[in-house]
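Peer 1: have a look at this fold, sequence not included:
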């Protein structure tokens, strides 16, 4: 950051559009590590991978009825990522080795549940943020649990202040506003890709360009890719291949809502661009939606940003010895002038 108070660095970013490895455990991680190394050779400082790319997005859930999903769902459990665990250790080491900030989508296994989780690794390998998609979309609710508001924040990294959302979370304006208000400079956006067809591609285009202009930030969006062979493996009948195609729009958007480089809608590769962070202030000078263009006395966001674990252990409370025996101090009603009803045994 410059001495005059706002960031004028140029950050080289990359959005990755590649196919996962569906038929070999650990294969997708190899592809991720190879992409990181390739990006490092090209000077990339910040890289975004598609939604739940590790080990793969559950495409089966989009075309299979629930009663047929059991075996495939359990296979996803078997390969899912634990945090921390061997996969996060490998990603952390790669980030540190190449001095690169990474945003990676994973299927996270925590106890008996899976979550759609976004991991942000800083350039020193530190896990800067773990957040879970707050509401899985449509068919995804059969696969993942719900996240909470603890991850709806931006984090400082070597590449700037980073926020992240997954897929249709971009249709939740309050979720987006939480990151906008937290000052994100670069927004990491992740979609599965290879779903729904051209309609999905066009919807992604509208969502990411609008967020960039409204938030006055860069958006780095990564979508996945499926080969024809993979579509056949997911749907041997071939009846749903159209539902497993299109929907790819890997893109890098400026704070003015424009493509920095042409988007990638087919095939595999790294989309790379240099992002001048001074454009964030140039846009905010005109329209700062959480500053001079906001009206917090009329409209403001209240967020519950605490995690809600299933178990909270109460702290021990002291007991006071009285002539009637030990008394739990939590039951001291002094100062409480409400009437207390006492039920007594008539025979006593």
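Peer 2: Nice, I can see it. As the structure is a prediction and not an experimental result, all values here were calculated from the model.
Peer 1: for the stretch 151-300 of the chain, what spans make up the helices?
Peer 2: Secondary structure of the stretch 151-300 of the chain (DSSP state H, counting those that start in this stretch): helices at 173-181, 198-215, 228-234, 278-286.
Peer 1: right, and those - which one's nearest residue 262?
Peer 2: Closest of these to residue 262 is helix 198-215, at 12.3 Å (criterion: Cβ to Cβ). (C-beta placed from N, C-alpha, C; glycine too.)
Peer 1: ok and that closest one relative to helix 278-286, angle-wise?
Peer 2: Here the directions of helix 198-215 and helix 278-286 differ by 70 degrees (axes from the mean of the first three to the mean of the last three Cα atoms, to 10 degrees).
Peer 1: could you pull out the buried residues of helix 198-215?
Peer 2: For helix 198-215, burial by neighbour count (16 or more other Cβ atoms under 10 Å) applies to 200-201, 203-205, 207-215.
Peer 1: contacts for that helix next, please.
Peer 2: Contacts made with helix 198-215 from outside it, assessed by Cβ atoms under 8 Å, 6 or more residues apart in numbering, are listed as 170-171, 176, 179-180, 184, 187, 189, 191, 217-219, 221, 223, 246-249, 251, 253-258, 263, 265, 283, 289.
Peer 1: now that helix, how far from the centre of its chain.
Peer 2: Distance of helix 198-215 from its chain centroid, counting by Cα atoms, centre = their mean, to the nearest Å, is 17 Å.
Peer 1: now that helix against helix 173-181, angle please.
Peer 2: Here helix 198-215 runs at 40 degrees with respect to helix 173-181, directions being taken by the same axes, to 10 degrees.
Peer 1: what is the mean pLDDT for helix 198-215?
Peer 2: Helix 198-215 carries an average pLDDT of 97.
Peer 1: same check on stretch 266-273?
Peer 2: Mean per-residue pLDDT for stretch 266-273: 98.
Peer 1: could you list the buried residues of that stretch?
Peer 2: Going by neighbour count (16+ other Cβ under 10 Å), the buried part of stretch 266-273 is 268-273.
Peer 1: many thanks, I have nothing further to ask.
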